[in-house]
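Enquirer: Provided below are the primary sequence and the corresponding predicted coordinates.
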Amino acid sequence: MEQPIEMNTLSQILEKLRMKGKDNEIKMSDHGKMQSINLNKIYKPEDLTIVKTYRFEGMSDPADSSVLYLVIDKDGDIGYMLDAYGTYSDNEGPAFDDFLKKIPTADRDEQELFS
């Protein structure tokens with residue numbers, strides 16, 4: 001019999017990342033480039049790999065619905081990208097979505113990422 005999957009909140013996942021020193025947010029700059037301020041890096045899609053995706057859906061407020069993408073860069077640094085669904089997204093225009101679609105994926109086990 002399979003073990004039930006533990007449900008995590010967005011804040012729990014972000015706290016795990018912070019505790020492991022991997023809380024490097026990667027976001028679209030005002031100049032249309034994807035960057036991590038903590039790591040002082042600017043990325044192209046081919047520089048990253050999505051290794052885990054978490055989807056969060058608010059019980060009563062659609063504004064609470066979001067997606068957290070854990071990514072690893074070519075140097076082995078782990079970071080994350082956060083986006084809300086639909087009209088609640090902070091990323092205006094197609095640039096963020098177009099960038100995201102070009103990032104390769106390689107699903108990894110959570111324990112591997114947080115060890």
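Expert: Noted; the coordinates are in hand.

Enquirer: State the mean pLDDT of stretch 56-74.
Expert: Averaging pLDDT along stretch 56-74 yields 78.

Enquirer: Who is residue 26 paired with across the strands?
Expert: residue 36 (DSSP bridges).

Enquirer: and it, how many neighbours?
Expert: Here the count is done by other CB atoms under 10 Å, and residue 26 has 23 residues near it. Placement of C-beta: from N, CA and C, glycine included.

Enquirer: Name the residue closest to the centre of the chain, please.
Expert: residue 69 (2.4 Å; CA atoms, centre = their mean).

Enquirer: Name the strands paired with the host helix or strand of it and say parallel or antiparallel.
Expert: For residue 69, the element it lies in under DSSP states H and E is strand 66-73. When sheet partners are counted by DSSP bridges, strand 66-73 sits next to strand 48-56 (antiparallel), strand 78-84 (antiparallel).

Enquirer: can I get these in TSV with distance to residue 100?
Expert: Below are the strands paired with strand 66-73 laid out as TSV (distance: least, CB to CB, whole Å):
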stretch	distance to residue 100
strand 48-56	8
strand 78-84	7
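
Enquirer: Would you mind finding the most buried of the ones you listed?
Expert: strand 78-84 (a mean of 20; mean count of other CB atoms under 10 Å).

Enquirer: could you give the mean pLDDT of that one?
Expert: On average, strand 78-84 scores 89.

Enquirer: which sections of the chain are below the confidence cut-off?
Expert: Along the chain, segments meeting pLDDT under 70 span 1-7, 58-64, 86-92, 110-115.

Enquirer: could you show me where the strands are in it, in order?
Expert: 26-28, 34-36, 41-43, 48-56, 66-73, 78-84 (DSSP state E).

Enquirer: what does the longest one contact?
Expert: Judged by CB atoms under 8 Å, 6 or more residues apart in numbering, the contacts made with strand 48-56 from elsewhere in the structure are 8-10, 13, 26, 64-74, 78, 103-108, 110, 113.
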